[in-house]
Structures are given as C-alpha cells and as structure tokens.
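**Student:** Task: produce atomic coordinates for the following.
(one chain, ligands or ions: 1)
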Amino acid sequence: MEESQKKWWHKSVVYQIYPRSFYDSNGNGIGDIQGIVQKLDYIKWLGVDVIWLSPVYESPNVDNGYDISDYYSILSEFGTMEDMNKLLLESNKRGIKIIMDLVVNHTSDQHLWFIEARKSKDNPYRDYYIWRDPVNGKEPNELTSNFGGSAWEFDETTNQYYLHFYSKEQPDLNWENEKMRNSIWDIMNFWIDKGIGGFRMDVIDLIGKDPDKQIKENGPKLHEYLQEMNQKTFGNKDLLTVGETWGATTENGKLYSDPKNKELSMIFQFEHMQLDKIPGKQRWDLKKLELDELKQVLSKWQYALDKDGWNSLFWNNHDLPRIVSRWGNDCDYRVESAKMLATLLHGMKGTPYIYQGEEIGMTNAGFDSIEDYIDIETRNIYKERIAIGVKEKEIMKALYMKARDNARTPMHWSNSQNAGFTTGLPWMKLNPNYHSINVESALINPDSVFYHYQKLVELRKQNDTLVYGSYRLLNSDPNIYVYERILENKKLLIVCNFYEQEATFSYSVESQATVNILISNYNDSGKDLSNITLQPYEAIMYEITPKEGPEQ
Ligand code: NOJ
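**Tutor:** Numbers count the residues shown, from 1 in each chain. A predicted model of the protein is given here:
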C-alpha cells in the first residue's frame, strides 16, 4: 500500500466494552463509565489503542441501550456527561481513542422525535418515522421484525402503522427525510467535536430500506446516504468508522470500504458468523461448523478487500456467543483453543476487534432456565418458538449455544464475590466459572490467554507484514487452517489445528531462509517446516525471512 493511503487504524486493535457488564464503580450492580475509567490501565496493558463503547446514551433500555431516547445525554445509571468527558480525557492521555456506537436506524419510542411524531399526522416530526395505512384492516405487508413478529405496530392515535425492524419500542427512522438526516449529522458532529475517535454504526445496512417493496438490507439509497454522511460529518477528519452490515456481500463490502468511494473505513460482515446455522433459516436452527466453509468465506473476504477496501476481524461481540464455547473447546482445551482462535484471526489482514472477556477466554453463560435470560430477543424467540410447537429442550439448547446473553454476563475481574464486578447485586447472573477464569489469575500467569492476546496486539504494532501483507490460503489437511501473509520478500505462515486430533503438515522453505516462531500456544512447537505434527488446537505463526545479500 502506498504510504499516502496508510491510516492509523490499519495498525490498531479495538477493544469492545459493553458498559453494563464491564465494571461497576458505585455498587449499584450496573457497570458504568467511571468503572471504565478505573480499568483503563488494564486496557492499556492489553495494548489496544481503540475502545468501541456500546451505547451509553439516555435510554429506557428495552434493548440495553440500542434504543436511544436522547443522543446528547448519558444514561444516569452509567454516569454523566462529565464522566464521559473524563473518560475521553483519560483514554486520550493513554493514547486510546473512543469509538461511539451510533444507533440511527431507529430511536427509542421515548425519543422526543417519536413522542411528537405519534401525536398527529401533521406533526413536524411525523415524517421522521415510517407510517402506513392499514391494508384490509391489517399490517401493510409481511415485513417481519428481527426480534420476532410483524415489523409493523398499529398506533391508535392516528390509525396508522409504524415500522420497527427491532422491538416495537424501537421505531425505524425515515432516511428519505432530509431534515431527519440533518438531525443525525448534528448528533454526529456534536460527538466528533468532543474528540471521539470514530463511530461503530449499528445495523447501518438497513438505513436504505424500502418498506413498500419489502426491502430491508442494502436498499437502493444506502450508499448515497453513507456518502452524504461522510461529506457532512467525518469526511475531512481522521476517524475510524465501522458499519454493522449483516447483509454485506464482498461486492458491496468494497463500496463501503474503498477509500475512493468515500463512505466508511470498514464494515463488520457476518458471513463467517452464520456458518453454523441451517442456510436460509434463523440462527437458532443449528448446524455444525465445517472448517472448509470457514476457510472459504474468510478467504473470500481477505482476497476481495485486499486492494480496494479493508476488513474488520472479529469472532465476538455483545450479540454473539463466546467463541471459545462456539468453535473452540471450553472444557479440556479452553486455553489452547482460545489462543488458537485468536491467532487464526489476528494473523489476517484487517483491523482486529476483541470483545471484553475474550482476552481471558470467557465462556458462554451456560444458563439452563429461561428465567436467567434477560435479553428481549431471547425472550421473544422463546415465546415465539414455544407457540409454534418447538420442544422446550430444543429451544433451550439453541439458546445455550447462541443467545446474546452468553456474551453479556458481567466481566470476571477476580475470584472474589461477584467476580469483583460489583459490590452490589449484579444486574445479571454471573457465569459461576469466574472462580477459575478471571483477570486477576490471568495476569499472574505468563501462559494465560491474556498474554497471548497481548502478544498478538504487540506483533501487529511491530510487524508490517502482519498489517499490510497479502493473504493466501494454502492447501492442507482438512482439520487445519494454513495461510500465508506476504509483503515484498517477507512471509508469515500461520498454521492452526482447529481440532483436538493431532494433524501433520509440511511446507518448503527456500534454502538459507530464516524461520522464526513469532507466537505459538505450545512451548515446544516444531521449527522444522518440512515435517510438523500439530498438537490439539496448536497454532503457530512463523516468520520466514530470505537470506540477506545479493542473489548468487
Ligand atoms: C445491533 C446491535 O448490535 C444489537 O445489540 C441491537 O439489538 C440491534 N442492532 C438493534 O439496535
């Protein structure tokens, strides 16, 4: 990549904080902004230089902050605007930027715009949302909400339906309305002026929706709106912008992230995260992950965005189950498989994201009663599936594997009461395995998952091949994932055994080249590339440097 095109975020690693479950500084059982300030040195020690903060704005919390009622103020449970300013100051002091979550496909129904809009058909805010007359006394069409049921809610005051792709308390904004768009630019500029490092844009591929044609994702004006946003807000600033796009393809992935197109820095694409569900069905319809499919999908994205775009790299976030429970082995090989998955991902080209707790190998919540799940999506899906006759055991199994609450249990800081998360009553049940899996014990163990992540983050800062090298998938034993990264005459070779069974592989190296192990999850990993036997979940990153000096 030409020097002039390089960006600071090409070398960054982002840490996602879900504030409610991160650290409670005042004993009310809920994580808060002061709690984050108190843990900044921990985050700095991990080595990351960006925090993505899940929403901290005013919200009735129907969807844990993804239903915003005021974009200009902070939810009192989390603190105040002064706390937010302090967080910005203290993180910037440590060289850490804060990326705010921008949730603008919808607002809360308690947002002033919606309170006004629903009052009458001629209210000035009416057109900030999407309203339709009933058709034959029913919903205008078959559009469904991502949280179950119809996407239309009848509003008695004006006898019209409004659109909501999530809960009925999250009405969708009408992006066709220029005045509404200007209000969004104002919000974004307010936060940019505060000195944030960028935005993570919630379900941004929905803003171009065309409800009459029943188009949800990738609507006709999506890229037009993003270009307008870029121009009106962050276009001339050096910020990181990442769009959440469940419906992205590699073709539109380029549109979003090709700098020439002036839209976003990168997107979260979810193709790889949907490989363990039955195609065309919901994620609750489980299917075993096939490693070959994972290789094909990740490689497709690596190749497609190699030149004209940029990838984000992630296994986890607050909507996904814990990766070590999902595709690793959270029983006998928790540490090895967590490190393997980290190596596999962090070896690729793109900006890696770490979700709180991933760096200590936290596992799924393991709740076996529906009462322990708090998430609105989970509760709705449970009711919906019971109503259509799915067996309870089957539903609970799917939740055990996939529910969003798996990632939302409070962070494990120590072995003391409530994992050191709060001195009060935690807002959500903890995972009882905090006695053995916690930050305190990770920090005193040089072989912990934490130090493996720390090293991966550090390698990215030092090693240009890891940042800019092109990716190439290699043929291998079906149980292992092997790829190269190539920059000029330097190569990295990343070899990961995805399973518990041993596997072998071999690779030919030019004579006299030097082979170094940059990172591995075993102390005795093989160095002779002509014949390697990989132990369970073994992952090794080799650096291969040709002999220096003139060619003979
Ligand atoms: C995606 C967010 O990540 C998720 O948590 C939320 O429920 C939906 N968007 C709706 O905002």
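**Student:** where does residue 483 land in three-state SS?
**Tutor:** strand (DSSP: H, G, I helix; E, B strand; the rest coil).
**Student:** any idea how far it is from residue 199?
**Tutor:** Computed with C-beta to C-beta, to the nearest Å, the distance linking residue 483 and residue 199 is 31 Å. Heads up, the C-betas are built off the backbone N, CA and C, glycines and all.
**Student:** Check residue 365 too.
**Tutor:** 29 Å.
**Student:** what's the answer for residue 363, then?
**Tutor:** Distance from residue 363 to residue 199, by C-beta to C-beta: 30 Å.
**Student:** Who has more neighbours out of these two?
**Tutor:** For residue 363 versus residue 199, the count of surrounding residues by other C-beta atoms under 10 Å is larger for residue 199: 26 against 22.
**Student:** thinking that one is in contact with residue 101, fair?
**Tutor:** Yes. With contact defined as C-beta atoms under 8 Å, residue 199 reaches residue 101; the gap is 7.5 Å.
**Student:** need the longest helix for the protein.
**Tutor:** helix 178-193 (DSSP state H).
**Student:** Which neighbouring elements make contact with that one?
**Tutor:** Under the contact definition 3 or more C-beta pairs under 8 Å, 6 or more residues apart in numbering; DSSP states H and E, helix 178-193 sits against strand 70-74, strand 97-102, helix 222-232.
**Student:** Pull the distance from it to the chain's centre.
**Tutor:** 24 Å (C-alpha atoms, centre = their mean, to the nearest Å).
**Student:** Same check on stretch 483-496?
**Tutor:** Using C-alpha atoms, centre = their mean, the offset of stretch 483-496 from its chain centre is 26 Å.
**Student:** neighbouring contacts of that stretch?
**Tutor:** 299, 340, 343-344, 347-349, 463-466, 468-474, 476, 480-482, 505, 507, 518, 529, 532, 534, 538-546 (C-beta atoms under 8 Å, 6 or more residues apart in numbering).
**Student:** Okay, strands next: where are they in the stretch 251-400 of the chain?
**Tutor:** Secondary structure of the stretch 251-400 of the chain (DSSP state E, counting those that start in this stretch): strands at 266-269, 312-313, 351-355.
**Student:** who in this structure is up against the ligand?
**Tutor:** Residues of the chain that fall close to the ligand, judged by C-beta under 6 Å from any ligand atom: 63, 66, 103, 166, 202-203, 244, 318-319.
**Student:** Go again with 8 Å.
**Tutor:** 54, 63-64, 66-67, 103, 105-106, 146-147, 165-166, 170, 202-203, 244, 317-319, 376-377, 404 (C-beta under 8 Å from any ligand atom).
**Student:** can you pull the pLDDT of the residue of the stretch 301-450 of the chain found nearest the ligand?
**Tutor:** In the stretch 301-450 of the chain, the residue that lies nearest the ligand is residue 319 (4.7 Å; C-beta to the nearest ligand atom). Note for residue 319: predicted pLDDT of 98.
**Student:** Thought residue 407 was touching it, still the case?
**Tutor:** Yes. Between residue 319 and residue 407 a contact is recorded at 7.3 Å, counting by C-beta under 8 Å.
**Student:** What's opposite the closest residue in space to residue 520 that isn't next to it in sequence in the beta bridge?
**Tutor:** Closest residue to residue 520 apart from its sequence neighbours, by C-beta to C-beta, 6 or more residues apart in numbering: residue 540 at 4.4 Å. Residue 540 has these beta-bridge partners by DSSP bridges: residue 495, residue 520.
**Student:** Now do the contacts for residue 540.
**Tutor:** Counted by C-beta under 8 Å, 6+ apart, residue 540 has contacts 343, 494-496, 517, 519-521, 525-526, 532, 534.
**Student:** again, but for residue 516
**Tutor:** 542-543, 545.
**Student:** same thing but at 10 Å, please
**Tutor:** 527, 541-545 (C-beta atoms under 10 Å, 6 or more residues apart in numbering).
**Student:** From residue 501, how far off is the closest residue to residue 352 other than its chain neighbours?
**Tutor:** In space, and not counting its chain neighbours, residue 352 is closest to residue 313: 4.4 Å by C-beta to C-beta, 6+ apart. Distance, residue 313 to residue 501, by C-beta to C-beta: 26 Å.
**Student:** Comparing these two, which shows the higher neighbour count?
**Tutor:** More crowded of residue 313 and residue 501, by other C-beta under 10 Å: residue 313, with 23 against 11.
**Student:** can you pull the pLDDT of that one?
**Tutor:** 98.
**Student:** which residues are common contacts for residue 319 and residue 407?
**Tutor:** Shared contacts of residue 319 and residue 407, defined by C-beta under 10 Å, 6+ apart, comprise residue 355.
**Student:** Tell me which of the two has more neighbours.
**Tutor:** Each of residue 319 and residue 407 has its neighbours counted (other C-beta under 10 Å); residue 407 has more, 25 against 20.
**Student:** Not counting residues beside it along the chain, what's closest to the more buried one?
**Tutor:** That would be residue 318: by C-beta to C-beta, 6+ apart, it lies 5.4 Å from residue 407.
**Student:** Over to residue 272?
**Tutor:** Computed as C-beta to C-beta, 6+ apart, the closest residue to residue 272 that is not its neighbour in sequence is residue 297, at 4.6 Å.
**Student:** Same question for residue 438.
**Tutor:** In space, residue 438 is closest to residue 412, 4.0 Å off (C-beta to C-beta, 6+ apart).
**Student:** who's in contact with that neighbour?
**Tutor:** Residue 412 neighbours (C-beta under 10 Å, 6+ apart): 356-357, 360, 362, 418-421, 430-431, 433-442.
**Student:** From the residues you listed, keep the buried residues only.
**Tutor:** Among these, those buried by neighbour count (16 or more other C-beta atoms under 10 Å) are 356-357, 360, 362, 418-421, 430-431, 433-434, 437-439, 441-442.
**Student:** Can you report how many residues neighbour the residue in the stretch 51-200 of the chain that the ligand sits nearest to?
**Tutor:** Per C-beta to the nearest ligand atom, residue 66 is where the stretch 51-200 of the chain lies closest to the ligand, at 3.4 Å. Neighbourhood size, residue 66 [other C-beta under 10 Å]: 24.
**Student:** That one contacts residue 106, doesn't it?
**Tutor:** Yes. Between residue 66 and residue 106 a contact is recorded at 8.4 Å, counting by C-beta atoms under 10 Å.
**Student:** Which neighbours do the two have in common?
**Tutor:** 166-167, 170, 202-203.
**Student:** tell me the domain boundaries of this structure?
**Tutor:** 3-103+311-365+403-456, 112-163, 468-545 (automatic domain parsing).
**Student:** on that earlier part again, can I get the strands of the stretch 251-400 of the chain in JSON lines including distance to residue 82?
**Tutor:** As requested, the strands of the stretch 251-400 of the chain are exported to JSON lines (distance: least, C-beta to C-beta, whole Å):
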{"stretch": "strand 266-269", "distance to residue 82": "31"}
{"stretch": "strand 312-313", "distance to residue 82": "32"}
{"stretch": "strand 351-355", "distance to residue 82": "27"}
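**Student:** between those, which gets nearest to residue 334?
**Tutor:** When the strands of the stretch 251-400 of the chain are compared by C-beta to C-beta, strand 351-355 sits nearest residue 334, at 16.5 Å.
**Student:** can you put the contacts of residue 540 in TSV and add distance to residue 3 and neighbour count?
**Tutor:** Shown next, in TSV, are these (distance: C-beta to C-beta, whole Å; neighbours: other C-beta atoms under 10 Å):
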residue	distance to residue 3	neighbour count
343	29	27
494	26	24
495	31	28
496	32	29
517	30	12
519	27	21
520	32	20
521	35	25
525	35	18
526	37	20
532	37	20
534	38	26
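**Student:** can you tell me which of these lies nearest to the ligand?
**Tutor:** residue 343 (26.0 Å).
**Student:** check contacts around the nearest residue to that closest one once chain neighbours are set aside.
**Tutor:** Spatial nearest neighbour of residue 343, chain neighbours left out: residue 539 (3.9 Å); criterion: C-beta to C-beta, 6+ apart. Neighbouring residues of residue 539 by C-beta under 10 Å, 6+ apart: 336-337, 339-344, 347, 452, 480-481, 494-498, 519-522, 525.
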